[in-house]
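Colleague: Predicted structure and sequence below. I'll ask about it afterward.
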Amino acid sequence: MKTPTPERIVLVGFMGSGKSTVGPLLAQTLRWRFVDQDALVEEQEGLSIPEIFAGAGESHFRAVEAQVADRLLREKHIVMASGGGWAAVPDRLARLPEGTVCVWLRVSAEEVVRRTAAEPGSRPLLSGPHALERARRLLEERTPFYSQSDLEVDTEALRPEDVSARILGFLVDRYPAMDAKRLRSLNAQ
Ligand code: S3P
C-alpha cells in the first residue's frame, strides 16, 4: 500500500544539476531537514571529496557514499541531495525505502561543464582535459538509472525556485494529504 504522504525526498542527477541548491529551498517549504550526502561523506572522512578521490580512491568514496545514504534513508522528513554517482548503481533506486520520492534533476552535459567551470577542481571526475566528452559519456551511462525516478524536472531553463515549485506541485497532486493549500501558500511567499 502506498504511504499516504511521502516521508523523504531524494534528489538525484548529474553533477551541477542543482541538487544542493534546490534541496534547501524544498526543505524550507516543507519544513523538513535538508541533508547533503557529499557534505556528510566529507565530514565522516575529515577530507574534501577531491582529497578522498586522490588518496583512498573512488572505490573507497563509493563505499562511504553508500553507507551515508543507508543511514540517511532511515530518517523521516528529510530532503537529501545525493552525489551525482550514487543513483547510478543497479537496483539502487528500485530499492529505495517505502515513503521515498525520488526526483531527477535533468541537465545537459554542456550546461554541466558551464556550471562546474565556476568551481574548478571540485569534481574529480570532470577535472582535467576533455571534460565535456567525459560528462557526455557519464551522463549517457547514468541516464537509464536516473530515469527510474518518480519525477524528472529539466533544470536547464528554470530557476532553482521554479524547480522546487515543480516538485511541490507534483507532491500535492500525488499526495493530497500533504495539505496542498498550506504548501501552495508557503511556496507563493
Ligand atoms: C560525483 C558527483 C559529486 C561527488 C563526487 C562524484 C559523481 O557530487 O559526489 O565528485 O560521480 O557524479 P555532485 O553531484 O553533488 O557534484
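Modeller: In hand now; what should we look at?
Colleague: packing partners for the longest strand seen in the chain?
Modeller: Counting by DSSP state E, the longest strand found in the chain is strand 100-106. Where contact means 3 or more CB pairs under 8 Å, 6 or more residues apart in numbering; DSSP states H and E, strand 100-106 is packed against strand 8-12, strand 151-154, helix 160-174. C-betas here are computed from N, CA, C, even on glycine.
Colleague: weakest of those by average pLDDT?
Modeller: Between those, the one with the least mean pLDDT is helix 160-174; it has a mean of 94.
Colleague: Show me which residues of that helix are buried.
Modeller: For helix 160-174, burial by neighbour count (16 or more other CB atoms under 10 Å) applies to 160, 163, 164, 165, 166, 167, 168, 169, 171, 172.
Colleague: Kindly reformat the residues you listed as CSV containing distance to residue 9.
Modeller: Rendered in CSV, the data for these read as follows (distance: CB to CB, whole Å):
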residue, distance to residue 9
160, 15
163, 12
164, 11
165, 14
166, 13
167, 7
168, 10
169, 13
171, 8
172, 13
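Colleague: who does the longest strand of the chain pair up with?
Modeller: Strand 100-106 has the following strand partners under DSSP bridges: strand 8-12 (parallel), strand 151-154 (parallel).
Colleague: Out of those strands, which one sits most buried?
Modeller: strand 8-12 (a mean of 26; mean count of other CB atoms under 10 Å).
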